[in-house]
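**Q** heads up, no residue letters with this:
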């Protein structure tokens, strides 16, 4: 048996196992980042397995064409992505407030290029600055790690948004999660999309709980503003609504709303970029709840996903701190040991 055929057998086995784990995850629990990681690994293994098959079949022309197309896609895709990020950053700057959260996209792009240039400059420094070169080694580990984590979160969010609606069969109780009010008393487009989706999917027996307290710059609670919007604008019956007007965070939205309906199963409504984090909270709390995501403008969705990613990391900051610490210490220790052995 040739080595290529042997590798093809191993790769096929790993692909089948990965596929089985991914499908099982879809059927058991969507409120996790495991769906994203397993889907990405499945795609990677499919690519590896197909290429090994082509190599075993001696389809060299296919491999060459694949390599050329891959390089073209990488080059053209990179240019398109760069232009896209610039355009979307300009839209965020023009259409939204200039808060730190809304500037995460352009700041991330700038940081990527600036830090990349700095690490390149560190490599060519004289020997007396060798200790600074450890930073470039750390960056070489940190950047792929963060990109991988973000891709896992993004893919998990997209899968959840697509599949969770099939899991959510509860139509008796809907919970609409609040968001900041425009001018302190008006429902904005973001919040309106959540309310409209809940009202659209509501059936004759559905009771909608509007969840959201009153912020320091708001004239009334978010729950009251949402109820008024649903009743006056969408003509939803007021007697089929409940108010939860004490919560300040997503966590409290879920806890207080669940208590209001005596911990019965419910479906919750939020924005598409936020639905997975809310679902993970629901799972952590042991709630029988699945979420729906209201659509948001693309230019706003990108920085919002970055904010949500940071929030996800913050929920496990100790674990990520340990991993980053290891990425910083282990390469330094290895380089010190190697330098002593050489000397």
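**A** Okay, I see it. Keep in mind the model is a prediction, meaning the values are calculated, not measured.
**Q** residue boundaries of the helices in the chain?
**A** For the chain, applying DSSP state H gives helices covering 3-28, 34-56, 60-95, 104-123, 130-167, 189-201, 222-232, 250-260, 275-284, 298-315, 317-342.
**Q** how about these in CSV, adding mean pLDDT and distance to residue 215?
**A** All C-beta atoms are positioned from the backbone trio N, CA, C, and that covers glycine. Formatted as CSV, those follow (pLDDT from 0 to 100; distance: least, C-beta to C-beta, whole Å):
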stretch, mean pLDDT, distance to residue 215
helix 3-28, 91, 37
helix 34-56, 91, 32
helix 60-95, 79, 22
helix 104-123, 76, 21
helix 130-167, 83, 26
helix 189-201, 90, 13
helix 222-232, 93, 8
helix 250-260, 93, 13
helix 275-284, 93, 18
helix 298-315, 86, 17
helix 317-342, 79, 25
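**Q** Let's have those in JSON lines, adding mean neighbour count.
**A** Listed next are the helices of the chain as JSON lines, based on neighbours: other C-beta atoms under 10 Å:
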{"stretch": "helix 3-28", "mean neighbour count": "14"}
{"stretch": "helix 34-56", "mean neighbour count": "18"}
{"stretch": "helix 60-95", "mean neighbour count": "12"}
{"stretch": "helix 104-123", "mean neighbour count": "14"}
{"stretch": "helix 130-167", "mean neighbour count": "16"}
{"stretch": "helix 189-201", "mean neighbour count": "20"}
{"stretch": "helix 222-232", "mean neighbour count": "21"}
{"stretch": "helix 250-260", "mean neighbour count": "20"}
{"stretch": "helix 275-284", "mean neighbour count": "22"}
{"stretch": "helix 298-315", "mean neighbour count": "17"}
{"stretch": "helix 317-342", "mean neighbour count": "12"}
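**Q** of those helices, which approaches residue 290 most closely?
**A** Residue 290 sits nearest to helix 130-167 of all the helices of the chain, at 4.9 Å, using C-beta to C-beta.
**Q** can you give me how far that closest one is from the chain middle?
**A** From the chain centre to the centre of helix 130-167 is a distance of 9 Å (C-alpha atoms, centre = their mean, to the nearest Å).
**Q** Who are the packing partners of it?
**A** helix 34-56, helix 104-123, helix 275-284, strand 289-294, helix 298-315, helix 317-342 (3 or more C-beta pairs under 8 Å, 6 or more residues apart in numbering; DSSP states H and E).
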